[in-house]
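K.L.:
need coordinates for the following:
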Amino acid sequence: MPRENIVTGIDIGSHYITTVVGAINPDLQVPQVIGIGRVRSGGIRKGVIIDAEEAGKRIGRSINEAERSAGVSIQGAYVSVGGDHVVSMPSRGVVAVSRADGHISGEDVERVITAASTVALPKNREILHNIAKEFIIDGEGGLRDVVGMNGLRLEANTIIIGGSSSHIKNMEQGVVDNDVDVDGLILGPIAASKAVLSKRQKELGVLCLDIGGGTTSMAVFEEGKLIYTNVLPLGGDNITNDLAIGLRVDVDVAERVKREYGMALESEVQRRDTIDLSQFDPNEKESVSRKDVVEIMQARLNEIFDVVNDELKEIGKEAFLPGGVVLVGGTAKVPHIVDLCREKLRLPVQIGFPRDVEGVTASVDDPSYATAMGLVFWGLDQEGGSDRSFAIPSVSMGNQFESVKKWLKNLLP
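P.N.:
Reported below is the predicted structural model:
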C-alpha cells in the first residue's frame, strides 16, 4: 500500500507504547485500522524517557508488531508527547492586512499566527503547538474563520504549548532510531480529544481527562476550541505505589491486585471480602481486606480529582462544563471511576472510546487507545482526509508554515 494511504500514530506512554496503523480509504468517511502494536514500556517514567536505549528498543518492538499486523512498512508516524515538563501560556499576534482592499487572505492568517509565536522561551524549552483560540478584526473578536473577510488589522489570541527541548528530542530520537520519520509531535491529551470528543461536546464545553500510568493530562474545550491544557504528575502508578506500601507487598503484586480487585468506591465493597495474595506470589501467605485495597485507591483518586478541580477553578470552569468530562487512559477502566469523578467534579462523566473507526475496532475499542487513535486522526487532518479538525487551526511549530498551508488548503473550496 502506498505511503500516502497510510497514517500511523505512536503513543509513547509510561506503561505501554502503542502503535496504530490507519489506512485512508476514499470510499469510507473514517479511517480503517489495519495494524496494532502494543508493548510494555521501558526506560520511560512519568511520560519522559529516562533510558534512551531501553526506550528505543521498546518503541522498535511496538513498531515491528504493528508492521507485522498491518503487512506494511511504516515510514513515518505522528508521535505523542507527555510529561509534566509540558507548559502552556497565552499569546497574541497582530498584523496589518496585506491587501489594499482589506481582503484577508490565507497568508495573513499565517503571518498573524507566526507573530503570536514570537515569545521568549528559555533556551531549554521549545514550542510544540501554537493553537489559535480566536481571531480579531479591527477590534471585533470571537471570530474563527476569517479568510475572505475584510479589515485593516488582524489579531489572533493563541495558546502556546511547549516543553523541555531535551525530553522532546529524546522522544523524537527514539522513533527516528527505528528508521521511522516523525511526521509530527502532538501533545497527548490534544491527540486523545481527536478520537473521543464530538463537535457538540467541544461547543458546549468539555474536559478530556487522560489518567495514564505516570501522569494525568487534561484538555478543556469550549465553543469548539481548545482553551486550556496541562499535564499533572499523578497517575495510576501512584495508586500502585500506595497499595505496595499499604499492603506491604511487591510493586508487581500491588499492580495485579489493583487491576483484578480494584475499584474507585469503597462503598461498593463488603468488609468481609478478602484477597488471597498467594495467587499473585507464592511467597505471600496473607490475605488482605478488599475494602482496605479500595480505600487506598479511592484516597489517591480523590487527590487526582481534587487537583483537576483546582485546575478547572483556576480557569473559571469548576462545575461549569455542560459537555462534562470524558475519561480516557488505562486508569479510566477502574470500576466505578465514573461515579467518583462525577461526585468530585460535579459534572456529567463518561468513558471515552475511539469513535468512527473501521477495521479491527474490537482491539482499539478501549479508552487506553484514545491517544494512539487520536494521532491517526491528527494525521488525517494534516493530510486533508478528515473533517475532525479544530474549528480554528492548530500549528505544530516543527513545520509551522506547512501545517498552516495544509489547513488552509482543507478550508478553502
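K.L.:
C-alpha from now on. contacts and neighbour counts both.
P.N.:
OK.
K.L.:
stretch 306-313 - what's its average pLDDT?
P.N.:
Across stretch 306-313, the average pLDDT comes to 98.
K.L.:
which other residues reach it?
P.N.:
Where contact means Cα atoms under 8 Å, 6 or more residues apart in numbering, the residues beyond stretch 306-313 that reach it are Glu318, Lys344, Leu345.
K.L.:
6 Å instead, please
P.N.:
Residues outside stretch 306-313 that contact it (Cα atoms under 6 Å, 6 or more residues apart in numbering): Glu318.
K.L.:
kindly export that stretch (C-alpha atoms) in CSV.
P.N.:
Once side chains and other backbone atoms are set aside, the C-alpha atoms of stretch 306-313 remain, and they are given as CSV (Å, rounded to 0.1, in the frame of the first residue of the first chain):
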residue,chain,number,x,y,z
ASP,A,306,-9.1,17.4,43.6
VAL,A,307,-6.0,18.6,41.7
VAL,A,308,-8.0,18.5,38.4
ASN,A,309,-10.8,20.5,40.1
ASP,A,310,-8.3,23.1,41.3
GLU,A,311,-7.1,23.5,37.7
LEU,A,312,-10.7,24.0,36.5
LYS,A,313,-11.2,26.5,39.3
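K.L.:
pull the CA atoms of stretch 286-304 into PDB?
P.N.:
C-alpha atoms of stretch 286-304 as PDB (Å, rounded to 0.1, in the frame of the first residue of the first chain):
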ATOM      1  CA  GLU A 286      -1.500 -13.500  53.900                       C
ATOM      2  CA  SER A 287      -5.000 -12.300  52.800                       C
ATOM      3  CA  VAL A 288      -6.000  -8.700  52.800                       C
ATOM      4  CA  SER A 289      -9.300  -7.000  53.000                       C
ATOM      5  CA  ARG A 290     -10.600  -5.900  49.600                       C
ATOM      6  CA  LYS A 291     -12.200  -2.900  51.300                       C
ATOM      7  CA  ASP A 292      -8.800  -1.700  52.500                       C
ATOM      8  CA  VAL A 293      -7.500  -2.000  49.000                       C
ATOM      9  CA  VAL A 294     -10.300   0.100  47.600                       C
ATOM     10  CA  GLU A 295     -10.000   2.700  50.400                       C
ATOM     11  CA  ILE A 296      -6.300   3.200  49.400                       C
ATOM     12  CA  MET A 297      -7.200   3.500  45.700                       C
ATOM     13  CA  GLN A 298     -10.100   5.900  46.400                       C
ATOM     14  CA  ALA A 299      -7.900   8.100  48.500                       C
ATOM     15  CA  ARG A 300      -5.400   8.600  45.700                       C
ATOM     16  CA  LEU A 301      -8.100   9.000  43.000                       C
ATOM     17  CA  ASN A 302      -9.700  11.700  45.300                       C
ATOM     18  CA  GLU A 303      -6.400  13.500  45.300                       C
ATOM     19  CA  ILE A 304      -6.200  13.400  41.500                       C
END
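K.L.:
show me which residues of it are buried.
P.N.:
If you call a residue buried by 16 or more other Cα atoms under 10 Å, then stretch 286-304 has these buried ones: 289-298, 300-302, 304.
K.L.:
show me where the chain has its helices.
P.N.:
Along the chain, counting by DSSP state H, helices occupy 52-70, 106-116, 165-176, 188-196, 199-204, 236-247, 251-261, 290-314, 337-345, 361-364, 370-382, 400-411.
K.L.:
Glu223 contacts Glu203, correct?
P.N.:
Yes - in terms of Cα atoms under 6 Å, Glu223 counts as a neighbour of Glu203; the distance is 4.0 Å.
K.L.:
mean pLDDT lowest for which of the helices of the chain?
P.N.:
The bottom spot among the helices of the chain, by mean pLDDT, belongs to helix 400-411, with a mean of 40.
K.L.:
of all pairs in the buried residues of stretch 286-304, which one is the farthest apart?
P.N.:
The largest separation in those, counting by Cα to Cα, is between Ser289 and Ile304 at 23.6 Å.
K.L.:
residues in contact with Gln201?
P.N.:
Contact partners of Gln201, counting by Cα under 6 Å, 6+ apart, are Gly323.
K.L.:
8 Å instead?
P.N.:
For Gln201, the contact set (Cα under 8 Å, 6+ apart) comprises Pro322, Gly323, Gly324.
K.L.:
cool, and Leu204?
P.N.:
Neighbouring residues of Leu204 by Cα under 8 Å, 6+ apart: Glu222, Glu223, Gly224, Leu321, Pro322, Gly323.
K.L.:
try His15
P.N.:
Under the criterion of Cα under 8 Å, 6+ apart, the contact list for His15 reads Arg40, Ser41, Gly42, Gly212, Gly213, Gly214.
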